[in-house]
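Colleague: Sequence and predicted model, in that order:
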Amino acid sequence: MSAPHPSPRLVSLRPDVVAEPLIDRWYAWSHLLSPATAARNIARRHLPIMTSYLKAPAVHRRSARTPALAGGPFMDLDGDRSADVEELIGTTRRRAARLLALDAAVDALQDLLADADPRMPLEQLYPQVPEPLKGYVELVYDLRGNASFRLIEALLYRSDYAAPGGQSLALSPLRADRRPFVLSTPRLDADDRTVLPVAFDHPGLDVMFSTTRSPRPFGEIAEALELGPDTAAALAPFFTPADASAAAPPREPVGAPRLRYLGHACVLAENAHGCLLVDPLLPPEFPGAGPRLADGDLPDRIDHVLITHGHQDHLVLETLLRLRHRIGTIVVPRSDAGSLQDPSPRLALEAAGFPRVIELGELQETETPVGRITAVPFFGEHGDLAISAKTAWLLEAGGRTVLFAADTATVDPDAYAHVRRAVGRVDVLFLGMECEGAPLTWLYGPLFTPEPDREVAARRRLNGNDDRGAAALAEAMGCGRAYVYAMGHEPWVWYLTTTTFDEAAVPVRAAERFVAACRARGIEARRLHGSCDLPW
């Protein structure tokens, strides 16, 4: 009798491996997923930065690593990568040709509408709509007679503008928290980096990421990803042998409800019935990383994920893709404005392969296993732009309420007095206090025609609350506990925000004043940093 055939060796994705989602080698965030905002960012951010790099590579490298210039339009690359950047420019111009035409069409349409006569119907202008936008816009007047347009964003996602050909995942081992800033540095080829030419909605990604808890034979993973032999060979070192008999012990049931802070704006809320995760951003795990709550501390099943808004440090596609196979439902704020500055998070996530995404408008509710979720109005923080895809989330469970207020600003204290009447008192308040935010153009510059000058951009900043605004919010909501979070001070958040902890910084001093004022009034308060467990 012949000997039994040995079972294929099981492997799991190494915990120190990061998988960055890329579009044309640039880090994918919400404005690169939506076709119209992608067109503007490629034409007005990526190509200008790369062209500038070719003129002065050393200046870019030096500037990117100068703390005072962090977050500026400088590529953070080792050595002179001019040849690779020049090649990427050519590849981008070819692959994104349709999007570059769409970008030019937006400018042409805005010029056309600037001359519209409000006494005349806009129907007569449709024949003059630039060809790339024909059928994708509705021309409208506001109530003061100013002509504008509404993008039919859902149609753009069904068009050639949304072709996923430029999507990929770059896998590399992480040896430190800090990575090059995502808005200024593309991910070029490197000796320790393997790029998988796989679209974000590919089901093989779920197979790959599931191995962190359910090891599989490597052949199954490569087959699920539909990889050729060379790419599969390059991917193999990112996996480690796993023993099926050494599976992680069953997770102990949650007794008393608890909140687990994973850093920045990421909070896990758990009780005996289920769990939900707010603004997921997983800290990386690598040798010497130090104590932190990370993927291994999350449940196997995440019933609901809540996204407060679409900024790159709150809607983090990198983390969401890693967790997709474990997520039940993603809940996002509703956007139906059809404006360039307000792309729909739901459409973006659906296009990226998330099967169940629901959106809630202000004061709408949904039930989760953990408790009831209500979308609470979110004010400010977006440079005075008209943006509806932003919300704070109110969780009601077991007779207690928790408000995840993210970066909302108390621009008008009366507003939260009305919110209090609508939703009641809040027991626990999480609020951001980045009161010296980036200039308006840092995120939104590519969307403008023309881009605002530096003085305007510096005045209209992406600010959250200062200590007075935070105190007004806490008082209006009647909170018993207040936690300052979402400050971007954890070292693993730098690549998304370029913020670092400085005890003398204006936001840190404001947060400390707020905490002191709360404690003086008998309110438990704390500025969060790192990872920790918190009482519900």
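Modeller: Arrived safely, thanks for sending.
Colleague: burial of residue 502, as a residue count?
Modeller: By the measure other CB atoms under 10 Å, the count of residues near residue 502 is 12. To be clear about C-beta, it is placed using only N, CA and C from the backbone, and glycine gets the same treatment.
Colleague: now it, nearest residue through space, not along the chain?
Modeller: residue 508 (6.4 Å; CB to CB, 6 or more residues apart in numbering).
Colleague: Just give me the residue closest to the centre of the protein.
Modeller: What sits nearest the mean C-alpha location of the chain, by CA atoms, centre = their mean, is residue 315, with 2.4 Å.
Colleague: Isn't that one up against residue 344?
Modeller: No: contact criterion CB atoms under 8 Å: residue 315 and residue 344 do not qualify, at 11.4 Å.
Colleague: quick revisit: so what's the residue nearest to the centre of the chain up against?
Modeller: By CB atoms under 8 Å, 6 or more residues apart in numbering, the contact list for residue 315 reads 29-30, 279, 307, 309, 332, 345, 348.
Colleague: List the ones among those residues that fall in strands.
Modeller: residue 332 (DSSP state E).
Colleague: Closest one to residue 361 out of the contacts of residue 315, please.
Modeller: Checking the contacts of residue 315 against residue 361 by CB to CB gives residue 332 as the nearest, at 10.9 Å.
Colleague: Who does the closest one form a beta bridge with?
Modeller: Under DSSP bridges, the beta-bridge partners of residue 332 are residue 359.
Colleague: what does the domain assignment say about the chain?
Modeller: For the chain, the structural domains run 11-96+162-244, 258-530, going by automatic domain parsing.
Colleague: tell me how far stretch 333-342 is from the chain's mean position?
Modeller: Using CA atoms, centre = their mean, to the nearest Å, the mean C-alpha position of stretch 333-342 is found 16 Å from that of the whole chain.
Colleague: Go through that stretch and flag the buried ones.
Modeller: 333-335, 337-342 (16 or more other CB atoms under 10 Å).
Colleague: any idea which of those is the one closest to residue 468?
Modeller: Using CB to CB, residue 333 comes nearest to residue 468 of the buried residues of stretch 333-342, at 26.0 Å.
Colleague: excluding its backbone neighbours, what's nearest the closest one?
Modeller: Residue 333's closest residue in space is residue 391 (CB to CB, 6+ apart), at 3.9 Å.
Colleague: can I assume the one you found is in contact with residue 310?
Modeller: No: with contact defined as CB under 8 Å, residue 391 does not reach residue 310; the gap is 11.0 Å.
Colleague: about what we covered before: what's the ChimeraX line that selects buried ones from the contacts of residue 315?
Modeller: Filtering those down to the buried ones (16+ other CB under 10 Å) takes a single ChimeraX command:
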select :29,30,279,307,309,332,345,348
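Colleague: Contacts for the lengthiest helix in the chain, please.
Modeller: Longest helix of the chain, by residue count under DSSP state H: helix 97-114. By CB under 8 Å, 6+ apart, the surrounding residues in contact with helix 97-114 are 35-36, 38-40, 42-44, 93, 125, 128-133, 137, 139, 147-149, 160-161, 163, 340, 449.
Colleague: Now do residue 243, the pLDDT please.
Modeller: As predicted, residue 243 sits at a pLDDT of 73.
Colleague: what about it, neighbour count?
Modeller: By the criterion of other CB under 10 Å, residue 243 has 10 neighbours.
Colleague: who's in contact with it?
Modeller: Residues in contact with residue 243 (CB under 8 Å, 6+ apart) are residue 10.
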